[in-house]
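**Q** All I have is the shape, not the residue letters:
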């Protein structure tokens, strides 16, 4: 039995200005701070002699590969995304970047912002536009009903408010 997995579906290529800034800051930190620090540690460990049993050297090289992989991913991702910072003409409809207040069948309200897959964080109220709930909300208006399949069954929500920054 192998470890092969089918490739993941590519995420949407949109990001908010705040999300793009965070990805850029992470890339700069890895490139300017973390990578030079790990490289210096590896050089110190290599100077100690035998590298085959030198844990600092072995784990340092592993960490350097992880950093380089993340730098490559962030660079490629930042080159291929579109920063969406404009407000749509029709603000009564849910588009990328919208703050949407949902009401469930019990009357509980929750607000989500529709963001790209690189910046979603449900705890902070940021919902990916590629998630089932995010996809269901796109293009809807206030008072529209949304049905989403969950492990506990179908949940029904009503859009009670839409706003943009």
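**A** Everything's here; your move. Being a predicted model, the structure only gives us computed values, none of them experimental.

**Q** Please list all residues in contact with the closest residue in space to residue 128 that isn't next to it in sequence.
**A** Closest residue in space to residue 128, ignoring its immediate chain neighbours: residue 120 at 3.8 Å, by Cβ to Cβ, 6 or more residues apart in numbering. C-beta coordinates here come from the backbone N, C-alpha and C atoms, glycine included. Counting by Cβ atoms under 8 Å, 6 or more residues apart in numbering, residue 120 touches 126-128, 131.

**Q** Now the buried members of those residues.
**A** 126-128, 131 (16 or more other Cβ atoms under 10 Å).

**Q** Tell me which of the contacts of residue 120 fall in strands.
**A** Taking DSSP state E, the ones among the contacts of residue 120 that sit in strands are 126-128.

**Q** How much space separates the residue lying farthest from the centre of the chain from residue 57?
**A** The outermost residue of the chain, judged against the average C-alpha position, is residue 49 (42.0 Å), by Cα atoms, centre = their mean. Using Cβ to Cβ, to the nearest Å, residue 49 is found at 10 Å from residue 57.

**Q** And residue 155, by the same measure?
**A** Counting by Cβ to Cβ, the gap from residue 155 to residue 57 is 52 Å.
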